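In: the following block contains a protein sequence and its predicted model.
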Amino acid sequence: ENGAGFRVGVGAFSISGISAVTVPLGLNYLIGKKNNFFEIGAGYTYLDLSASSKATKKNFNESFGNITIGYRYAPVKSGFFFKIELTPVFSGNFFIPYFAGIGLGYKF
């Protein structure tokens, strides 16, 4: 399981006149033994956000990058998957150094 990997996704939602579409892309590298891994990576996300009411409509487009540093527990074959990571987020307009995440799932 050591080595390079990638992720590609699309996300969307619409609630009370606010809608968003995201397209995240990322590369990562795992270093470890058996089920325990150190994960390091980098990514890019495109965001298209729009908000509308009866009187106005506003659109917002942004792209931003992120760096991933964390721990991943992943079984060799199949089973429960867990990860926790620090993921600083940045663009030309902002920098959020303490963004973090937790991932849970099942590996097939």
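Out: Everything's here; your move. Numbers count the residues shown, from 1 in each chain.
In: spatially speaking, which residue is in the middle of the protein?
Out: Closest residue to the average C-alpha location of the chain: Pro24 at 6.5 Å, with C-alpha atoms, centre = their mean.
In: which ones are touching that one?
Out: Under the criterion of C-beta atoms under 8 Å, 6 or more residues apart in numbering, the neighbours of Pro24 are 7-9, 11, 43-45. Using the backbone N, CA and C atoms, a C-beta is placed for each residue, glycine as well.
In: now those: which count as buried?
Out: 43, 45 (16 or more other C-beta atoms under 10 Å).
In: min pLDDT across the contacts of Pro24, which one?
Out: Within the set of those, pLDDT is lowest for Arg7 (91).
In: and it, what does it touch?
Out: Arg7 neighbours (C-beta under 8 Å, 6+ apart): 24-26, 28, 43.
In: next, it: secondary structure please.
Out: Secondary structure assignment for Arg7 (DSSP: H, G, I helix; E, B strand; the rest coil): strand.
In: relative to Ile15, how far out is it?
Out: 25 Å (C-beta to C-beta, to the nearest Å).
In: related to what we said a few turns ago, which one of the contacts of Pro24 is nearest to Thr56?
Out: Taking C-beta to C-beta as the measure, Thr56 lies nearest Gly11 of these, at 24.9 Å.
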